[in-house]
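>>> Here is the input, now give the coordinates:
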Amino acid sequence: MRSICKADLISLVHTVMVHMKLSLARPMFQFIIFLMPFLFSTIAIFIYGNSSPEQMFQYVVLGSGFVTLWSSIVFSSASDVNREKYYGTLELLFAAPVPFALTLAGKIAANTIWGFLSMLISYLYLIVVYRVPLIIEHPVHFIFAYLFVLCSLSVFSFFLAMSFTLSRKVFALMNMLEYPVYLLCGFMFPVSLLPIWVKPLSWVLPPTWAIGLLRIISRKEVHSHELVTAWGALLLLTVFYLVISFAYYRLVEKRARVLGNLGVF
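Residues are numbered from 1 along each chain as shown. Model prediction:
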């Protein structure tokens, strides 16, 4: 894979800007970004309305926010690949001077920005309407962890998008993955409540450790072993999925150049 030059970075920024505009033109994406935060935040309030302020922040604010974030950057990024295939432009993107991985990264970055804005809508709605306290005991550490969480989820999104590029059943896979991940990763409840045989599936998913890390940091008392475990697991999984993603990219690139059937829908 060739090195990235200045022209590629300009193309990346342009891809982010254009894709943000194109995404906003789709009614389904508008629903995910602007309506889902209100729906899931309200449901979370009904579940945890009488809980402590700390638990309210961990499962109402963070939980509902992660639901919308997951839908926007993972569900949408996967559908973007399928959309290019449907329009017959996937081969053109591979043949373009700019690497396809960079174009896909721009799309994912745009979806991540929209997902972040969706989380902000959820936070503001809960704080203004329901007076949910925003309790963050370690704000500097929380912000740093939050930024890394966005990067980690973007890497996982890239992995899924590259995986879906090789499949002709993208819609079925997307619909199958969205809601089960809500449950497996414990967005709205502790992962400890899941059956024992399900927990290993949760441990290999970055969103599980991402939201777990933010919940640990938001506590008043932070145990060092829990913090190190969450950080270590998230870092290892991020590196793992990044390596696998580039391996997938080489496989997809070979298929596109040798077989020539990448765009078969």
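>>> Report how many residues lie close to Ser23.
22 (other Cβ atoms under 10 Å). Heads up, the C-betas are built off the backbone N, CA and C, glycines and all.
>>> Now do the same contact list for it.
Phe29, Ser76, Ala110, Asn111, Trp114 (Cβ atoms under 8 Å, 6 or more residues apart in numbering).
>>> Just send those back as a markdown table, with secondary structure, pLDDT and neighbour count too.
Shown next, in a markdown table, are the contacts of Ser23 (DSSP: H, G, I helix; E, B strand; the rest coil; pLDDT from 0 to 100; neighbours: other Cβ atoms under 10 Å):
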| residue | secondary structure | pLDDT | neighbour count |
| --- | --- | --- | --- |
| Phe29 | helix | 84 | 19 |
| Ser76 | helix | 70 | 27 |
| Ala110 | helix | 90 | 25 |
| Asn111 | helix | 89 | 31 |
| Trp114 | helix | 90 | 23 |
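>>> can you put those in TSV and add distance to Met176?
Formatted as TSV, the contacts of Ser23 follow (distance: Cβ to Cβ, whole Å):
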residue	distance to Met176
Phe29	20
Ser76	16
Ala110	24
Asn111	19
Trp114	23
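>>> which pair in those residues spans the largest distance?
Phe29 and Ala110 (10.7 Å; Cβ to Cβ).
>>> between the contacts of Ser23, which is nearest Leu150?
Asn111 (10.9 Å).
>>> My guess is the closest one contacts Ser71. True?
No: using Cβ atoms under 8 Å, Asn111 is not in contact with Ser71; the gap is 9.7 Å.
>>> Quick check: neighbours shared by these two?
By Cβ under 8 Å, 6+ apart, Asn111 and Ser71 have no common neighbours.
>>> Just give me the neighbour total for the closest residue to Thr238 other than its chain neighbours.
Leaving aside its chain neighbours, Thr238 sits nearest to Ser152 (4.4 Å; criterion: Cβ to Cβ, 6 or more residues apart in numbering). For Ser152, the tally of surrounding residues (other Cβ under 10 Å) stands at 23.
>>> any idea how far His19 is from Ser152?
As judged by Cβ to Cβ, to the nearest Å, Ser152 and His19 stand 21 Å apart.
>>> what ranges of the stretch 101-250 of the chain fall below the confidence cut-off?
166-171 (pLDDT under 70).
>>> quick one: the helices in it?
In the stretch 101-250 of the chain, the helices defined using DSSP state H, counting those that start in this stretch lie at 139-165, 170-184, 199-203, 206-218, 224-254.
>>> got the buried residues for the third one?
What it means is helix 199-203. Ser202 (16 or more other Cβ atoms under 10 Å).
>>> outside of it, which residues touch it?
Residues contacting helix 199-203 (Cβ under 8 Å, 6+ apart): Leu184, Cys185, Gly186, Val191, Leu194, Thr208, Ala233.
>>> I figured the fifth one was touching Cys185, is that so?
Spelled out, it's Leu194. No: counting by Cβ under 8 Å, Leu194 does not reach Cys185; the two are 9.9 Å apart.
>>> Compare those two (neighbour count), which wins?
The residue with more neighbours, out of Leu194 and Cys185, is Cys185; 23 against 16, by other Cβ under 10 Å.
>>> quick revisit: looking at the helices of the stretch 101-250 of the chain, spot the one closest to Ala44.
Nearest of the helices of the stretch 101-250 of the chain to Ala44, taken as Cβ to Cβ: helix 170-184 at 11.6 Å.
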